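have a look; sequence and predicted model below, questions after that.
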Amino acid sequence: MPNHYHLLIRVKRVDGLNDEQISKRLSRKLGTLQSSYTQAINKAHSRTGSLFQQGAKSKNLESYGHICFHYIHQNPVLAGLCQRAEDWEFSSYRDYIGLRNGSLPSKAVAFECLDVPSNIQEFYRESGKGLTDKEIEGIR
């Protein structure tokens, strides 16, 4: 996306921390990463200011990670940036349907934790079903 990005991250439980504490810690770490990235880009291109629409935030997606997974892939289409999810080169969608063999997405984790079909044809069919407005609002 031109002004933001989505990451779906599986976080391991940390002894002694509840979900809210883990979420806050993750948000801080992502904020630091985003700030460092912004500073490096600004320095390299002699510019100042934000690169992204908003600061880092995190949500616990335990009950709707599957919906979020498909939303991330459909986001460029919903925003009118491309016609089909596989046309957006900056998405892991291309890896899941076999058009690219990237190393960033852990497809095994998605197959295991999100019950995403590992069969390319099934994945393509399921991911193309679309999301309801209610599902989309629930993850924004």
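In hand now; what should we look at? If you're wondering where the values come from, they're calculated on a predicted model, not measured in any experiment.

domain ranges for this structure?
Each structural domain of the chain that the record assigns through automatic domain parsing is listed here as a residue range: 1-58, 65-139.

most packed of these?
Mean neighbour count, computed with mean count of other Cβ atoms under 10 Å, is highest for domain 65-139 among those, reaching a mean of 15. Placement of C-beta: from N, CA and C, glycine included.

chain center to stretch 87-99: distance?
Chain-centre distance of stretch 87-99: 13 Å, with Cα atoms, centre = their mean, to the nearest Å.

hmm, back to that, make TSV from the domains of the chain and add mean pLDDT to it.
Compiled in TSV, the domains of the chain are given as follows (pLDDT from 0 to 100):
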stretch	mean pLDDT
domain 1-58	85
domain 65-139	85
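
now do the SS call for the residue sitting furthest away from the middle of the chain.
Taking Cα atoms, centre = their mean as the measure, the residue most remote from the mean C-alpha position of the chain is Ser46, 28.7 Å away. When the structure is split into helix, strand and coil by DSSP: H, G, I helix; E, B strand; the rest coil, Ser46 lands in coil.

then the one 5 residues further on?
For Leu51, the assignment made with three-state DSSP gives coil.

quick one, what contacts the residue nearest to it when sequence neighbours are not counted?
On the basis of Cβ to Cβ, 6 or more residues apart in numbering, the spatially nearest residue to Leu51 that is not a chain neighbour turns out to be Thr38, at 4.8 Å. Listed by Cβ atoms under 8 Å, 6 or more residues apart in numbering, the contact partners of Thr38 are Ser50, Leu51, Phe52.

ok, so of those residues, who is nearest Ile22?
Using Cβ to Cβ, Phe52 is the member of the contacts of Thr38 that lies nearest Ile22, at 22.5 Å.

would you list the phi and psi of the closest one?
Torsion angles at Phe52 (phi, psi; degrees, to the nearest 10) stand at phi -120, psi 160.
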